[in-house]
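K.L.:
Got a predicted model here, sequence first, then my questions.
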Amino acid sequence: MISPTRCQRMKNFPLYIPYGNFRVRNVLKDFRDQSFGEKTTNSKTAQVLFLGTGEDMRKTLLATTAEHVNNFHFHLNDNCPSIVARNIMMLKILSAQDFDPNKEQDFSFLWDVWYNTEWPEITRKQFLIVLNDLLDGKLPENVTVPDPNHYKSLKKIWKVWYTISSRNQSKSEMLLCKTKMKRSELFITSHETTIVPPRNSDEKITHVKAFSRAVNEITKYLMKRNAIGDLEDSLGRIIEQEFQAFYERGSCRLQNELETVCINSSFLNPDTEQWQVDYASCPFLGYLPLSQDQELITSVKDKILLPTCQKILKDTVNSFRSRIADIQVFFHLEDALEFCFTNANKFDVIDCSSADRIGLANILNAASGRLSNNPGAVLFTTSQDWDTFAPTVELYVEHVLCCPLRMIPTIYGLKLNDYVELGSRYPPSWYYAVPSNLSWQKAIHFFQNIVMSPSSSLTEFLNKLAQKCFVSERFPKPSQVLSYQMAVLERHHYSPLTFHYIVSYMNQRLGGDHWIKDAHLLEIPALFNITRPSHFIHGIDLKCSSITCSGSTEYYVIDNFSLEIKEKSEKIVATFLIASAHNLPEAYCVYVIDSMHHCPLLNFGSLKSMHTEKFHLPHPFSRPTPSPVVVPCPGASVMKVNSCIESEDEFKLKIIFDCNEIVSGLTLSTDQVLPCKSAHQVTISLKQPSKRNSLTLSFPYPILVDEISAILHSTDRFIELVLKKGWWEPWPVEFQSNEEWKWNVDSLKPWESHASRSISKFDCTALDFHLKLQFNFDFKLNDPGNKSSVMEPSHWNLRAEQLNEKEALQNLRRRFKSLLLDPTTEDLKYFVIQTTGSSTTDWCIMVLIHKPLLTSPLGSPVLLLTVLDKQMANILKKQGKLNEETYTKERSRAVKSMSGKLGKIFSVEPYELLLWNLILRLNSTKIVPGSEQTRLLPSGMNNSWLFATFMSPLYVDAPVNLKDFNAQFSTNDSTSANEKCCGACKKVPQFPKRCSRCRSIVYCSVECQRSNWPQHKLLCNRKK
C-alpha cells in the first residue's frame, strides 16, 4: 500500500513530541446519538478512532468523562513506535489495581514518566517494574495490539528503555550529563532557527548565555501567547518563573529537592540514544487556555501552573479508572492514511490532528470511508498551520480542497458542520492563529435518481486538483509555478494518487464517470496519469553508484513511494506507482535521492530489472452506496433525469419522459419541515399519465423550497427544473438537535460577574475587547489599498458574491457592536430589521432584547433575543398553516411588552438581511429558551415565526495584528504610507515576513531583516 502523501525530508532539529503541546477537546462531549445514553446492559458501544494522534493519552482520558456514553472502544493510530509504546506504558501505569492517582507518590510517578526529563531513584525502580511486565507480555487487561508485527516493534522499544534505565550509577550519570548538554545545544540551535528577529552574527556569546537567552525569549513569548500578562503581577511572575524553570531543567515537580539519578529513556531516540524531544515541548501548554469551568490553583507556594495542570490530569485519570471495565483500547502502529484504506472497522467518532502533515483533502477522502452509518457519526480535523495557506479558515478550506464550500457535499460526500464563512466562535490570539478545529459528517442524502453531468464547477475543481497533484513532478522552480512558496508548502499533501483516489471515490458516489466525460482538463503527464491503466513497480536495492543529477540530466521525481526492509534477506524493496503507458526507456535507472543535495542514497537498477505488478484498485475501499442510476422496471416512473448540471449556487436539471402519452398537470412536493426553509428531496408528479407519474430526486446539499422553478415543456416533452441551494439557511438537520445538547441559558453566568475587569493592555472593558476582536482584519481582500498583514490580497481573488457576503458580515458586526456599546442604545429594548428603501411599517424581523448580558460556555458575551419573523409568518399564512387571528394575538402580546420602550430600525441590504436570518435561526437551534424568553412564546416553546435565540461576537479567525487592534482604541486612524514596503530595501515584498515581536514592520527576506535589525531593534524593544 502506497500512501497518497509524498515522502518529505526531515528538518534539521527533532520533531518528536512525546506529549501534546495543545489543549485537547472532548470528542464525545457533543456526540449526538441518543442510543448511547440508554441506561441498559446492552447499550451500544461508542467506536472512537484517534487518527495520527502524534501525542499522548489525554484525548482518550478526557473522552471518558462523557456521561451519556456507557461503553467505549478507543482505537489509537500513529506511525511513531515511541509514541505508541509510551501510550501503552501510560495505560499500564494508571490501570494498575494498586495505582491511586490521589496518592502523592503514585501520581508523582505518573507525572515523572509523562513529562519530566530527569528522574529520582524511586521513579527509575517503578519504571523498570512496569517495563518488565510489558516485556513479559503483560499488557493492561483492556489494551490490545491487533497486529503481531506492531507488537513486536513495540517490544523492541521497551527493551531499549529497559536497558538504558538499568545501567549502573556511573553510566546513568554520564548519560544524564551528556543528554542535558545535548538538550541545551538543540534548544539553542532550534530556537535560533525559528526566532525573529535574527541574531547579529558578529556577537560572541557563551553557550550558557545563549541557552539562558533562548529560555527567556520563549518564556516571554508563551506568556504573551497565553495572555498571562493580563493576570495580576504577583501571579504572572510566579507563572513566568514556572515556564522558565521547566525550560532550564526539563522537569517540573512539587518536590524540587529530590535528587535525580537518570534520564527519562522514553525521551531518547531508541536507535541512537540521542535526545530527540522538540525544544518547545512543555507540559503546561497542553492544558492552556483553561476552560470556563477550570480555575488557577494559587494555594501552593511559588507554584500555580503545576498544581493546576496536575489537577486537570488527575481528574481525567480518575474518570478513566472509574469506568475502566467499560473501556477497550486498541493500538495501531502504521501510517494514518494506510490505516484508513486497509482497516475494515467503522467508527462513530474520528479525530485527526494531523491535517498539517497529510493534507485535509487526503484526510477527508480516507477517513470518510471509516465513518459508521450512524447519523451522528462525526470526523474532527485540526490544523495548526492553516494561516500559512490562507488568511481565513473559510479560504483555507476552499483552497486545500480545491472547491467552494457549497460543492463539498458533492465532491467529498461530507457536510462541514462549522459555518466558517461567519468567522470563529472563539476569540483570536495575539501571536498565532487559533487552531482550525473543524467537524464533518457524512452527507445525509446522496444523489438519488440523478446522473451528474459535466459542469464548469466540477471541471474547475478537477483542474485545480490536477494542478496541485501533477504540475510539479520535477523539482519546482519559481518560474514554473504560480507561487513557488505555496507549491513547496503544499507539495507533500498532493500526489497523482491523491487525484486518483478522490476522483475514483466521486465516481462511486455519483454512479459513474458521466460527470467527467468531455470535461476540458489540464494535460496530465502520461507518466503519472494513473486514472488510466497503471502498474506497481518493485525494485531491490543494489550497491549505490556515484552519480550526480546535473541540470542537463533528464530525470523524473516520484516522491510518493514505499521502502520496506526484508529482515531475513536484509534487502530493501522500493515500490512506486506509474502509468502503464509511461513511455520511459527501460534503461532508465531508479534511485532514492537526498532531495536537498540531489545526491543518490540507494540504487535500484534499471526499470527493465524491476518487477511489475498491475494496479487494480479503483479506490482503496468500496462503499455500498445506492447507485443514482435507475434501471427501468415495470411500474417505474415515466420520467428520468437526462442531465443535472451543478454550480456553486444551484442545480439545473432536464427531465425527459419515457413514454408517448400526453403529459400534463405538473406538481411539486418536498420533504421540508418548518421552520427550515430548505429540503433535500423533491418529488415531481404529473396528472397525466395517471400511472407511474412521480419521480423523487434527492440532493446532498439542501435546496430552497420557495425558489424552486419547474417548467413543463409538453410539446418538447421535458421538464426544466432549477433548484437554488440553501446557502443562507441552516441545514434541515440543524433543527433536529435534541434538547439535552443545547445550552440552558438560565444557567449561564452574567457577563458582568464573569468579565467585568478591564483589559489593562488596551485600557478597555472586557466587552469592548470582545466586540472589537471582530474587526481587526480587513476582509476587502481585492482592494489594492488593503493593508492586511496576513496575506497579500493579490493572492486571493474573491468571487463577487463572496465580497458582498464579507461586506454584509462586517455591517452586521458593526450593528451588533452598536447594540452593546453605543451610549444611545443603552436602554434599547428592541430593534426592527427592514430592507433599504422600504417603509417603516414594512419590516421583516422584529427582535426583542433581554438583559443582562450573559457568558457563553465558550467565554464570549451573549445577548438573549426573542424574534418575531414576519416573513415566515406570511409564508405560513399563505400555506394555510397559520390563521390571522392566532398571528394577531401572539404578535400583539409580543409588541405589548415593548410598549413605551426605546427601539431602533436597521435598514439593511439584501445580503445583510439574509445573514441576519441565518444567524438568528441558527442560534435558535443551540439554546433552550430562558425564562424571560418563554413568557413571549406560545405555550413557552419556539415556533416557526416566533422563537428564542441569541447573538454573540462573530470573531475573525486570523491572527490579531496588534497595531491594527490598538488603532481601534485610538482616535488617530492614520497609517504609515510605507507599511507594505520592506523595512530594509523599501520594495513591496511578494511574500512579506513580519517581525513577530512588534508586528509593525515587514521584510522581503531574512537577509533584509538582518541588515535592518540594528536600526529596528530600538523601535522593536519599545513596542514589545
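P.N.:
Yes, it's here.

K.L.:
what does the domain assignment say about the protein?
P.N.:
174-265, 662-735, 743-753+769-780+797-951, 977-1023 (the TED database).

K.L.:
Figure out how far the one helix or strand residue 700 maps to is from the centre of its chain.
P.N.:
Here residue 700 is covered by strand 694-704, with elements defined by DSSP states H and E. Taking the mean of its C-alpha atoms, strand 694-704 sits 29 Å from the chain's own mean (CA atoms, centre = their mean, to the nearest Å).

K.L.:
Export it to CSV, keeping only CA atoms.
P.N.:
Below are the C-alpha coordinates for strand 694-704, written out as CSV (Å, rounded to 0.1, in the frame of the first residue of the first chain):
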residue,chain,number,x,y,z
SER,A,694,-44.0,10.6,-9.9
LEU,A,695,-40.2,10.9,-9.6
THR,A,696,-38.3,11.6,-6.3
LEU,A,697,-35.0,13.3,-6.5
SER,A,698,-32.5,13.6,-3.6
PHE,A,699,-29.6,16.0,-3.2
PRO,A,700,-26.7,16.1,-0.7
TYR,A,701,-27.0,19.9,-0.5
PRO,A,702,-30.3,21.3,0.7
ILE,A,703,-32.4,23.4,-1.7
LEU,A,704,-34.6,26.4,-1.1
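
K.L.:
Sheet partners, orientation included, of the next helix or strand after it?
P.N.:
Following strand 694-704 in sequence order, the next helix or strand is strand 709-713 (DSSP H and E). Using DSSP bridges, the strands paired with strand 709-713 are strand 718-724 (antiparallel).

K.L.:
Buried residues of the partner strand, list them for me.
P.N.:
Within strand 718-724, the residues that count as buried by 16 or more other CB atoms under 10 Å are 718-719, 721, 723-724. Any C-beta I mention is one placed from the backbone N, CA and C, and that applies to glycine too.

K.L.:
returning to what we had before: out of the domains of the chain, which is closest to residue 424?
P.N.:
Closest to residue 424 of the domains of the chain, according to CB to CB: domain 743-753+769-780+797-951, at 9.4 Å.

K.L.:
Can you report the mean pLDDT over the residues of the closest one?
P.N.:
Domain 743-753+769-780+797-951 shows a mean pLDDT of 86.

K.L.:
how far out from the middle of the chain is that domain?
P.N.:
On CA atoms, centre = their mean, the centre of domain 743-753+769-780+797-951 falls 29 Å from that of its chain.

K.L.:
about what we covered before: helices and strands around the strand holding residue 700, which ones?
P.N.:
Helices and strands touching strand 694-704, by 3 or more CB pairs under 8 Å, 6 or more residues apart in numbering; DSSP states H and E, are helix 408-412, strand 639-646, strand 650-657, strand 678-685, strand 718-724.

K.L.:
elements contacting the helix or strand immediately after the shortest one in the chain?
P.N.:
What that stands for is helix 408-412. Using DSSP H and E, the helix or strand that follows helix 408-412 in sequence is strand 414-416. If contacts are counted by 3+ CB pairs under 8 Å, 6+ apart, strand 414-416 sits against helix 408-412, strand 436-442.

K.L.:
on that earlier part again, deepest in the core, which of the helices and strands packed on strand 694-704 is it.
P.N.:
Compared across the helices and strands packed on strand 694-704, helix 408-412 shows the largest average neighbour count, a mean of 24 (mean count of other CB atoms under 10 Å).

K.L.:
What are the contacting residues of it?
P.N.:
With contacts defined as CB atoms under 8 Å, 6 or more residues apart in numbering, helix 408-412 is touched by 361, 364-365, 368, 397, 401, 403, 414-416, 443, 447, 452, 458, 461, 502, 506, 510, 646, 700-701.

K.L.:
Can you say which of the residues you listed are buried?
P.N.:
361, 364-365, 368, 397, 401, 403, 414-416, 443, 447, 452, 458, 461, 502, 506, 510, 646, 700-701.

K.L.:
got a list of what residue 157 touches?
P.N.:
Listed by CB under 8 Å, 6+ apart, the contact set of residue 157 reads 81-82, 85, 270.

K.L.:
So which of those residues are in strands?
P.N.:
Among the contacts of residue 157, no member falls in strands (DSSP state E).

K.L.:
from those residues, which two are the most distant?
P.N.:
In terms of CB to CB, the contacts of residue 157 reach their longest pairwise distance at 85 and 270, which sit 8.5 Å apart.

K.L.:
any shared contact partners between the two?
P.N.:
Contact criterion CB under 8 Å, 6+ apart; residues bridging residue 85 and residue 270 by contacting each: 157, 161.

K.L.:
Which of those two has more residues huddled nearby?
P.N.:
residue 85 (24 against 20; other CB atoms under 10 Å).

K.L.:
my guess is that one meets residue 160, correct?
P.N.:
No - when contacts are counted by CB atoms under 8 Å, residue 85 is not listed as touching residue 160 (9.4 Å).

K.L.:
Quick check: residue 303 touching residue 241?
P.N.:
No - the pair residue 303 / residue 241 is not scored as a contact, 9.0 Å apart, by CB under 8 Å.

K.L.:
Counting neighbours, go ahead and name the busier of these two.
P.N.:
Legend: neighbour count by other CB under 10 Å for residue 303 and residue 241, higher for residue 303 (21 against 15).

K.L.:
ok, the more buried one - contacts?
P.N.:
So, once contact is read as CB under 8 Å, 6+ apart, residue 303 ends up touching 238, 242, 254.

K.L.:
Least confident of those residues?
P.N.:
Within those, pLDDT is lowest for residue 254, at 85.

K.L.:
Thanks again, I'm all set now.
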